[in-house]
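K.L.:
Here is my input; please provide its structure:
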Amino acid sequence: MQTNRPVSKSMMPGERLASAWIRDMPQQFQEKRNIGILIHALARQMEEVEMVFGEINTLTDIHTARGKNLDYVGDIVCMSRKEAGELINRRFPEPVISDERYREYLQYQVLRNTSDCTYADIMKAIDLLWDVDRARYYEREDRPATIFIGLPAVDIEEEDPAEGKP
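P.N.:
Take a look at the predicted model:
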């Protein structure tokens, strides 16, 4: 619930929420002292709950999570850090990949789990996996119902953006 009143730094905890709740109450209850005290107490606790939920969202968001919290995100999208490491073809018993690399694979897995295989989904997956901006989608008459993706050529001196990708 948003209020139109600017929030000042000297405002008591819960004051923003309490003011909004009181304004939403029927007129006959708005000036009652006991109701106001109760609402202020509840509003202060609700703002603390909102703050905790905000922290939880930050700690478990696929774009901001780190370490074990990112592993929990992997549990949700059904890709462990080990499975992501195996996609890179590192065949260690417990491959360890960085949070940033794991995050890329989790974003790919989310897209894979939710994709309708539209042109936009395919191009988004290519961008996530290979980070190329000149990928090209085309079809050939001799191969109907087949999708071809053209990636830019890589110079011998350049690092191949597809290296280590599934």
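
K.L.:
So for G14, what's the nearest residue that isn't a sequence neighbour?
P.N.:
R44 (3.1 Å; C-beta to C-beta, 6 or more residues apart in numbering). Where C-beta positions appear, they are placed from N, C-alpha and C, glycine not excepted.

K.L.:
Where does the one you found sit, in terms of helix or strand?
P.N.:
R44 belongs to helix 33-60 when assigned by DSSP states H and E.

K.L.:
If you count contacts, what does that helix end up packed against?
P.N.:
Packing partners of helix 33-60 (3 or more C-beta pairs under 8 Å, 6 or more residues apart in numbering; DSSP states H and E): helix 15-24, helix 67-77.

K.L.:
again, only using 6 Å
P.N.:
Counting contacts by 3 or more C-beta pairs under 6 Å, 6 or more residues apart in numbering; DSSP states H and E, helix 33-60 packs against helix 15-24.

K.L.:
which stretches of this structure aren't confidently modelled?
P.N.:
The model of the chain has pLDDT under 70 over residues 1-13, 89-95, 131-133, 154-166.

K.L.:
any idea which residue sits dead centre in it?
P.N.:
I62 (4.0 Å; C-alpha atoms, centre = their mean).

K.L.:
Quick check: which element contains that one?
P.N.:
Residue-wise, I62 maps onto no helix or strand under DSSP H and E.

K.L.:
Remind me which helix or strand the residue sitting furthest away from the middle of the chain belongs to.
P.N.:
Residue farthest from the centre of the chain, counting by C-alpha atoms, centre = their mean, is Q28 at 44.5 Å. Assigned by DSSP H and E, Q28 falls within helix 27-30.

K.L.:
Check P144 too.
P.N.:
strand 143-150.

K.L.:
other SSEs contacting that strand?
P.N.:
Short answer (3+ C-beta pairs under 6 Å, 6+ apart): strand 143-150 packs on strand 136-140.

K.L.:
what's the strand it packs on packed up against?
P.N.:
strand 143-150.

K.L.:
What strands line up against the strand it packs on, and which way round?
P.N.:
Its sheet considered, strand 143-150 pairs with strand 136-140 (antiparallel) by DSSP bridges.

K.L.:
Now do the strand it pairs with: everything it contacts.
P.N.:
For strand 136-140, the external contacting residues (C-beta atoms under 6 Å, 6 or more residues apart in numbering) are 148-150.

K.L.:
List just the nearest of those residues to L38.
P.N.:
The nearest member of these to L38, counting by C-beta to C-beta, is I149 at 61.8 Å.

K.L.:
follow-up on the earlier one: what's the separation between the residue farthest from the centre of the chain and I35?
P.N.:
Computed as C-beta to C-beta, to the nearest Å, the Q28 to I35 distance reads 10 Å.
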